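1. coordinates only, sequence not included:
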C-alpha cells in the first residue's frame, strides 16, 4: 500500500480564510503523545485507541467533544465581542455555513466539511462536523460534533461503524477510520486552542512608557 497522506490537506480546501487547521500546522502536531511510541511516526490505530476515552460517542452515536473555557472577570458580551471575529472568519468559506450567531443569547453555531482530511489510494475522506458555542458571564462552552465521514464525495460512513468504536476486521477500512478519527480529534483540539486564545487575548504591550 502506498504511504498514507494525512496532513497534506484542508485549508487549501477549507479556504485560506478559515485558518483553523492548515497542512503545516497539522504536520507539526505531535501524534506520538497519543500513539505511545516516541518514534515520530504516525501510528493512527494506536492513537485512535488511546483517544477513544476522550472523544466518545454521544446519545446520537456521533462523536462529540465538549469543553468549558473559563474567562475570568469577563461578561457575556465581552466574550462574544472577542470571539465573534474569529468565528465568522473561521467559518466563512464555501464549505461552511454559519447557522446561528446571536449575541443576545450568546449562541454561535456553524457546520463545515473538512475536505480530503485523509487520502489513501482510491480513497479520499472528508469529515462533516458542527461547532456550537454557548457563552455565559465568565465562561463559554464549546461543543464539537463529528457527524460522519464522507468517502470519495459520495459514500457516507457513520462514525459508530468505524474504528475505534467498531472493531473493524478489514485492515484498510480500519486504517481509514482510525486516521479520520485522529485527524478529527486533532482538529477539535486546535479549534479549542484557537478559541481560547480569541476569548482571552493577550494584553497589548505598552510602548508609550514615559519613564525613560
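-> Looks like it arrived, so ask away. From a predicted model like this one, the values you see are computed outputs, not experimental measurements. Residues are numbered from 1 along each chain as shown.

2. Give me the below-cutoff pLDDT ranges for this structure.
-> 1-42, 203-212 (pLDDT under 70).

3. quick one: the strands in it?
-> Defined through DSSP state E, the strands belonging to the chain, from first to last, are 56-57, 63-70, 96-102, 107-120, 123-136, 139-151, 155-157.

4. Dump these into CSV; add distance to residue 167 and mean neighbour count as well.
-> For the C-beta atoms, the positions are set from N, CA and C on the backbone; glycine is no exception. Supplementary listing: the strands of the chain in CSV, determined by distance: least, CB to CB, whole Å; neighbours: other CB atoms under 10 Å:
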stretch, distance to residue 167, mean neighbour count
strand 56-57, 14, 13
strand 63-70, 16, 17
strand 96-102, 33, 14
strand 107-120, 20, 21
strand 123-136, 19, 20
strand 139-151, 17, 20
strand 155-157, 15, 13
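
5. Compare these and give me the one nearest residue 47.
-> Between residue 47 and these, the shortest separation by CB to CB is 13.1 Å, and it involves strand 107-120.

6. give me the beta-bridge partners of residue 114?
-> With DSSP bridges applied, the residues forming beta bridges to residue 114 are residue 127.

7. Please compute how far stretch 143-158 lies from its chain's middle.
-> Here the centre of stretch 143-158 is set off from its chain's centre by 14 Å, with CA atoms, centre = their mean, to the nearest Å.

8. now do the same end-to-end measure for it.
-> One end of stretch 143-158 to the other measures 19 Å (CA to CA, to the nearest Å).

9. For the spatially closest residue to residue 62 that is not a sequence neighbour, give me its contacts.
-> The shortest distance from residue 62 to any residue other than its chain neighbours is 5.3 Å, reached at residue 145 (CB to CB, 6 or more residues apart in numbering). The neighbours of residue 145, taking CB atoms under 8 Å, 6 or more residues apart in numbering as the test, are 58, 62, 63, 64, 65, 129, 130, 131, 132.

10. let's see 10 Å
-> With contacts defined as CB atoms under 10 Å, 6 or more residues apart in numbering, residue 145 is in contact with 58, 60, 62-66, 111, 128-132, 159, 188.

11. would you list every one of the helices in this structure?
-> 23-27, 32-35, 44-51, 76-90, 171-199 (DSSP state H).

12. Tabulate those helices in a markdown table, adding columns for mean neighbour count and distance to residue 105.
-> Converted to a markdown table, those look like this (neighbours: other CB atoms under 10 Å; distance: least, CB to CB, whole Å):
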| stretch | mean neighbour count | distance to residue 105 |
| --- | --- | --- |
| helix 23-27 | 14 | 32 |
| helix 32-35 | 17 | 36 |
| helix 44-51 | 21 | 32 |
| helix 76-90 | 18 | 9 |
| helix 171-199 | 20 | 17 |
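
13. need the ones you listed in TSV with distance to residue 140, can you?
-> Written out in TSV, the entries for the helices of the chain read as follows (distance: least, CB to CB, whole Å):
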stretch	distance to residue 140
helix 23-27	23
helix 32-35	26
helix 44-51	23
helix 76-90	6
helix 171-199	6
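
14. of those, which approaches residue 97 most closely?
-> With respect to residue 97, and counting by CB to CB, the nearest of these is helix 76-90 at 12.1 Å.

15. got the angle for the closest one vs strand 139-151?
-> Orientation check (axes from the mean of the first three to the mean of the last three CA atoms, to 10 degrees): helix 76-90 against strand 139-151 gives 20 degrees.
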